[in-house]
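S.K.: turn this into a structure:
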Amino acid sequence: MAQLFKGSKEFYNANANRYNLFEQAIDEGKTGVPELTKFRAREREKLDAMNGNVLYIGAGTSQHLIPLAKKGSKVVALEISPHMLGLSKANLQKAGIPFQVVAGNKVRPEIEKFLESGKGVLLVHGDAKKVELPNKFDYAVSYCTLPLMGRWLGWRNVLRKMANSANNVVVSIYSKENLGELAKAYSKYGFKPTVRGGTIKVSGGFKYSVLPEKSISKAMKKWIQEIETHPMGSIYTFRKGAD
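M.R.: Presented below is the predicted three-dimensional model:
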């Protein structure tokens, strides 16, 4: 299992710039898969409704961080890949978004200081399962990255950690039925994807296994749930309910 996680890191290290272009293509509707761009647009609409302090799991290329920061939210974004972190920094700088960077898992004091007096984005280079977080977030978000953590990182633990840190949790997951369309988009940008069952693999280590709805709901069973289903996937919104 450790090799799977290592492979995923190697994939991003080797393909960070290409992946950045792929993410831009989704936003611009250039992947040849219109539903993928529509799904991204709906994810963005969810972001537009957020305000306050936002925790984002998987900073990626910063494509979701920028609109949050532009509307005034303070964003703390976790990222384990140094190459993806570099892309986030470059894209934030290009967009004129102020940002800071801290590294390590014991960075709670730095996060709390940022939430009190910082602005823009705080990039945290650390392991989402291990980073110490304060319970001071209005929203915790993970868009189509939670399944990448897989069993070896414990996606349930990360989801519970998000719940312990925020009043609202929003995650999106690609659908099993349309992984073929996602593979089509990857292929257009030079990747070599294969789909089997509920898993898409891209040569170099990338592996995305769809999480069943019942598993996500079970992990958040004490929370009020809203599930939106779209052709490319689902968006889950959780609000704190009865204990």
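S.K.: my read: F238 touches N167, true?
M.R.: No - using Cβ atoms under 8 Å, F238 makes no contact with N167, being 9.7 Å away. Quick note: C-beta positions are derived from backbone N, CA and C, even for glycine.
S.K.: which of these two has more neighbours?
M.R.: F238 (25 against 15; other Cβ atoms under 10 Å).
S.K.: contacts for the helix or strand where that one lies?
M.R.: Assigned by DSSP states H and E, F238 falls within strand 233-240. With contacts defined as Cβ atoms under 8 Å, 6 or more residues apart in numbering, strand 233-240 is touched by 39, 42-43, 46, 144, 163, 167-175, 178, 213, 216, 220, 223-228.
S.K.: need the buried ones from those residues selected in ChimeraX.
M.R.: Only the buried entries of these go into this ChimeraX selection, using 16 or more other Cβ atoms under 10 Å:
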select :39,43,46,144,163,168,169,170,171,172,173,174,175,178,216,220,223
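S.K.: just the contacts of strand 233-240: which are in helices?
M.R.: Here DSSP state H is the test, and the contacts of strand 233-240 give 39, 42-43, 46, 163, 213, 216 as lying in helices.
S.K.: biggest separation within the residues you listed, which pair?
M.R.: F39 and A163 (23.8 Å; Cβ to Cβ).
S.K.: and the helix ranked longest in the chain, which residues are buried?
M.R.: When the chain is parsed with DSSP H, its longest helix is helix 2-28. Judged by neighbour count using 16+ other Cβ under 10 Å, the buried positions of helix 2-28 are 5, 8, 10-12, 15-16, 19-20, 22-23, 25-26.
S.K.: residue contacts, G58?
M.R.: 77-79, 128, 142-143, 145, 148.
S.K.: could you rerun that using 7 Å?
M.R.: 78-79, 142, 145 (Cβ atoms under 7 Å, 6 or more residues apart in numbering).
S.K.: now render the ones in helices among the contacts of strand 233-240 as CSV, adding distance to K89.
M.R.: Below are these laid out as CSV (distance: Cβ to Cβ, whole Å):
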residue, distance to K89
F39, 26
R42, 27
E43, 22
K46, 25
A163, 29
E213, 35
I216, 31
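S.K.: any idea which of the residues you listed is closest to K192?
M.R.: Closest to K192, out of all of those and judged by Cβ to Cβ, is F39, at 22.7 Å.
S.K.: does the closest one touch A185 like I think?
M.R.: No - with contact defined as Cβ atoms under 7 Å, F39 and A185 do not form a contacting pair (11.1 Å).
S.K.: and R40, how many neighbours?
M.R.: Neighbours around R40, by other Cβ under 10 Å: 22.
S.K.: which one is it nearest to, not counting chain neighbours?
M.R.: I26 (5.1 Å; Cβ to Cβ, 6 or more residues apart in numbering).
S.K.: same deal with K136?
M.R.: In space, K136 is closest to L115, 5.4 Å off (Cβ to Cβ, 6+ apart).
S.K.: burial check on that neighbour, number of neighbours?
M.R.: Neighbours of L115 using other Cβ under 10 Å come to 17.
S.K.: strand partners (parallel or antiparallel) of the strand holding F238?
M.R.: strand 166-174 (antiparallel), strand 223-230 (antiparallel) (DSSP bridges).
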